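1. Need coordinates for the below:
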Amino acid sequence: MTFIQRLARGALLLLAFAAVFPAQAQAPRTPPVMRLGDAVKPLAYDLALTVDPAHAGFSGRVEIDVDVRQATDFFWMNANRVDVRSAVLTAGGQRYDAKATLAPGDQFAGMQFARAVPAGRAKLAIEFAGRFSTNETRGVFKQQDQGEWYAFTQFESTNARRVFPCFDEPHWKTPWAVTLTVRREHVAVANAPMLSEREVEGGMKQVRFATTQPLPTYLVAFGVGPFDVVDGGVAGTKKTPLRYIVPKGRGADVKYPVQSTPRLLELLEAYFGGPYPYDKLDSLAIPVTVSFGAMENPGLITYRMGLLVSKEGLRDERYQQAYAGVAAHEIAHQWFGDLVTPAWWDDIWLNESFATWMASKIAQQFNPAWEPFQWRERQRMSAFNTDRLSSSRQIRQPVHTRDDLANAFDRITYEKGGAVLNMFEARLGETAFRDGVRRYLKRHEWGNATAEDFFKALGEADPALVPAFTSFIVQPGLPMVDFHLDCTGPQPAVVLRQARFLPASQAPSEQSWTIPACVRVEGVDKPVCTTLRERQQRVALPEAKHCPAWLLPNPAGTGYFLSRLDAPLAKALGSVPLSEQEAIALLAEQSILVTSAAQPVQRLLEVAAPLARDARPEVATAAANAIWELNPAAFNEGTRRDIAAWVRANFGARAAQLGWVPNDNDTDAVRKMRGAIVPLVARIGGDPALRAQARKLAIDWLAGDRRTLAGGFRAVLRTAAQDADAALFDTFVATAQRSTESTVRFEIYKVMGGIKDAALLRRAFDYALSDKADVREAMEIYETAGDDADNAPAVLAYFRERWDLLAARMPEEARGRLPRRHMHLCSAPERDSVAQFYTGPRAAVPGLQRNLAQALETIDICVKARALNAPG
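-> Below you'll find the model as predicted:
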């Protein structure tokens, strides 16, 4: 929107208000862009709602104690798609009627009074009504499970305003008193424990909940429906009651959460040095979620149902790790985000980075066999893939618009932030870092805080940490550190040189960071560590008796930088005994150098070959994962055949030995190795025997055999899908339609996107938009197809052809991410087609522009990689 358009919109709105109340013109009538300002401050909410998910809508009344800072006849609130039926402010015994007018853009409501209300304390009472969403999963929405209707909420980030008028910003934390009027046979849950329940007319009951501790609007939550409520006993130092609230008939399927959550809570209490802050810990299952998998509402954490509910036969190690990781993340938020809340959305990284980092730390204590280092390394590489782009944003990104906010919940906030925290914990020391976290929480409990507050608490242990940490928070980008040996002087030395890694850009960057960096050197007992402050820095090696034959950068994998060696030093590592962590980190970084067009694939294959045959399952798995990360579109047919032959030569024997079917004596490491290596040999290596076996096992699994494969069913289904014929396709569809388990449907939709037959793939695309599927689940077909180099062109063609239907059926909250479905395209014409397609109304979705920029840049990198790897 141009400046002139914004000016005209504001002028029209001003004229509309003036026509109704011509005598009042004291306050600005142009709606805010994002923030309301502090003319009126909320102090407490009393929220009453009537919620019957069998109906189309809901109604309610909210009373807000406010502090009017200055006498005024007008102020702004937040409201979106809410019908305000009446609004009255009471101050000093006087009644002030208000007229509420929704501003263009559906984010703000102007409260206009016929006369000025005085400064001071007042009570604002608003009656309102709204409609449940049946497609989106934000605001208050309703969903059906096995014939029963339920109502749920998701208010983060700015969706409380979709339910009731409020002051919808995170820095306003107030107590909440919530009352829900629901059907007598329904269960109602909210953030706080229930205080009372009484029957009212019309077959309804009124459920009143205790007043909460101070909460921002985005953390208020409730659920209504015929739930099963599973008592989980008590846990933690306060004996906090735990419950699991799931759709009717599913109470028997929460065994693993009931078993594991108490231990997770106790581990988190031990880390934070204090009890869980709230009076209860309920876990609520939502059948389908779109833009989130779980939400940290205090006292009422919500989960996508497949995380909380799992039947026997699907409750494998992978499921257990997924639940424990997500639960640890969300429970960590009860301190970091809920107890202490960011003052504004630019510091949402304090919530999400910390919870991401904390989840891997707690998982390591909860079950060391789960190899949390691999978990952290995947997160670090996920961050690298986004942060290498010139369109990447900074961790602490200013939030001035809805686009800024839509982009705030991405890999940079979660994975990069978590990796940076991991780096500075290693730099400061685990105990000193933990003590800084505890200081931060204690100083700001029940209130708000900023990044500066967090840095201040950490910096008390080491003031030098603050500028280093800040250098990673307030600028975007991935540092590349080149390591060289210099043996020309009297003493050997390592020379470190830093620059921003920008594989798609021709222009050098002037950025620099303050980087904690370590390197392991031949002939030196311990890693040599330094803080790289300059663009180039020389680090002497006084312990080295001669010029080292090799060096290994970032041996612990904690540094948030991409390391690079010249060809002789890289080749020398082939004969160096590496620890498990060193091998995993080395392979991951070598892989991203290939996908970033920074080195040819042959270099990765040389490094990976001895590690692929390593006896340690974790190392062999990492070697396989490095190959999985490659985009086949970056290679011509000849190179793809060479890679397939390399896979068979280096992994074929082990894949044949492992087979598809798990053994009861398998360790977790062996299970992961099977899941990486066997499908790699079958799908990338093209092994016909393994593919034939996968088809037979897939048919048996789809027919109901859940025991033979256990957790290995995912790899088998995805392999079988590559060679699917019409009969197998029909079996996929029939299984998805009859299954009542979201996990089963999700996995089937995922494999359908990998079907190679063009006609069947088209049928899968059509099925996702048909009345036979829930598009919120079935859009996984497009995601998987977009991530498949062979199928990605078909996704773009289909989106161009069926956009109107796609946009009509798909929730808006998902449309902003659609350009990411094109990141595996790899030609200039395809890039131009993507850029031309997402224009005009198709691009007018919050968050889409940054996702589009990142997709286009990723295609550019792939084009460069294809040229680099071309023969001759």
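
2. any low-confidence regions in the chain?
-> Scanning the chain for pLDDT under 70 picks out 1-28, 872.

3. From the centre of it, point out the most distant residue.
-> Distance from the centre of the chain peaks at Pro490, with 50.8 Å (CA atoms, centre = their mean).

4. contacting residues for Thr719?
-> For Thr719, the contact set (CB atoms under 8 Å, 6 or more residues apart in numbering) comprises Pro679, Ala682, Arg683, Leu690, Arg691, Ala694, Ala698. All C-beta spots, glycine's among them, are computed from the backbone N, C-alpha and C.

5. what's around the fourth one, how many residues?
-> Here the number of neighbours of Leu690 (other CB atoms under 10 Å) works out to 22.

6. on that earlier part again, biggest separation within the contacts of Thr719, which pair?
-> Of all pairs drawn from the contacts of Thr719, the one with the longest distance (CB to CB) is Arg683 and Ala698, at 13.2 Å.

7. can you put the contacts of Thr719 in CSV and add secondary structure and distance to Ala855?
-> Below are the contacts of Thr719 laid out as CSV (DSSP: H, G, I helix; E, B strand; the rest coil; distance: CB to CB, whole Å):
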residue, secondary structure, distance to Ala855
Pro679, helix, 26
Ala682, helix, 29
Arg683, helix, 24
Leu690, helix, 33
Arg691, helix, 31
Ala694, helix, 31
Ala698, helix, 32
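
8. Any chance of these in JSON lines with distance to Glu777 as columns?
-> Shown next, in JSON lines, are the contacts of Thr719 (distance: CB to CB, whole Å):
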{"residue": "Pro679", "distance to Glu777": "23"}
{"residue": "Ala682", "distance to Glu777": "26"}
{"residue": "Arg683", "distance to Glu777": "24"}
{"residue": "Leu690", "distance to Glu777": "29"}
{"residue": "Arg691", "distance to Glu777": "27"}
{"residue": "Ala694", "distance to Glu777": "24"}
{"residue": "Ala698", "distance to Glu777": "20"}
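
9. Buried among those? Make that a ChimeraX selection.
-> This is how ChimeraX selects the buried members of the contacts of Thr719, with burial counted by 16 or more other CB atoms under 10 Å:
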select :679,682,683,690,691,694,698
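
10. what's the closest of the contacts of Thr719 to Arg603?
-> Distance to Arg603, by CB to CB, is smallest for Arg683 among the contacts of Thr719, at 23.2 Å.

11. Might you report the residue contacts of the closest one?
-> Arg691, Arg718, Thr719, Gln722 are the contacts of Arg683 under CB under 8 Å, 6+ apart.

12. can I get those residues in JSON lines with distance to Asn297 and secondary structure?
-> Compiled in JSON lines, those are given as follows (distance: CB to CB, whole Å; DSSP: H, G, I helix; E, B strand; the rest coil):
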{"residue": "Arg691", "distance to Asn297": "45", "secondary structure": "helix"}
{"residue": "Arg718", "distance to Asn297": "34", "secondary structure": "helix"}
{"residue": "Thr719", "distance to Asn297": "39", "secondary structure": "helix"}
{"residue": "Gln722", "distance to Asn297": "41", "secondary structure": "helix"}
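
13. of all the residues you listed, which two lie farthest apart?
-> Arg691 and Arg718 (11.3 Å).

14. by contact count, what packs against the regular element (helix or strand) spanning Phe454?
-> Secondary structure from DSSP states H and E places Phe454 in helix 451-459. Packing partners of helix 451-459 (3 or more CB pairs under 8 Å, 6 or more residues apart in numbering; DSSP states H and E): helix 348-366, helix 430-444, helix 465-473.

15. Quick check: buried residues in the last one?
-> Right, the one you point to is helix 465-473. Leu465, Val466, Ala468, Phe469, Thr470, Ser471, Phe472, Ile473.

16. Would you check that Lys255 makes contact with Leu314?
-> No. Using CB atoms under 8 Å, Lys255 makes no contact with Leu314, being 11.7 Å away.

17. Pick out whichever of the two has more residues nearby.
-> More crowded of Lys255 and Leu314, by other CB under 10 Å: Leu314, with 19 against 16.

18. What residue, apart from its backbone neighbours, is nearest that one spatially?
-> Spatial nearest neighbour of Leu314, excluding adjacent residues (CB to CB, 6 or more residues apart in numbering): Thr743 at 5.3 Å.

19. Give me the distance from stretch 425-439 to the chain's centre.
-> Relative to its parent chain, stretch 425-439 has a centroid offset of 25 Å by CA atoms, centre = their mean, to the nearest Å.
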